[in-house]
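1. no FASTA, just this:
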């Protein structure tokens, strides 16, 4: 099960990066949600997926790695003719921050160390 979960997490990251670094698709132009919300959700997902892939680390390492990826995405987008913006990077940061706190609550359940709560969250941080 862990192998499947890790493969799925890697596929999600690869898919999101291909959407962010590939050509602008028609669906992006017609999107109902804002670009900033899309960035926040995408980087929430990337941070959670990195947490799954780098499971034995602290929660901070996957989040910092996701933030580095967000910065690199914006730099590459600027170099390939897409719109790079500080607003997108801020949205990335917000999504990553939410993932950091959500994973603090969920990790004890996934690890099997008990119910999420103050005691479990303190021992795994």
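-> Received, thanks. Note that the structure is a prediction, hence the values are computed from the model and not measured.

2. Below-threshold pLDDT in this protein: ranges please.
-> Confidence mapping of the chain against pLDDT under 70 gives the ranges 1, 25-31, 33, 56-57, 108-125.

3. ranges for the helices of it?
-> Taking DSSP state H as the test, the helices found in the chain are 2-21, 26-29, 35-53, 60-79, 86-111, 118-124.

4. Would you mind finding the most buried of those?
-> helix 35-53 (a mean of 21; mean count of other Cβ atoms under 10 Å). Glycine gets a C-beta too; all of them are placed from N, C-alpha and C.

5. ok and that one relative to helix 2-21, angle-wise?
-> For helix 35-53 against helix 2-21, the angle by axes from the mean of the first three to the mean of the last three Cα atoms, to 10 degrees is 150 degrees.

6. Next one: residue 8 relative to residue 64, how far apart?
-> Distance, residue 8 to residue 64, using Cβ to Cβ, to the nearest Å: 22 Å.

7. Same question for residue 80.
-> In terms of Cβ to Cβ, residue 80 sits 25 Å off from residue 64.

8. and what of residue 45?
-> Using Cβ to Cβ, one obtains 16 Å as the distance from residue 45 to residue 64.
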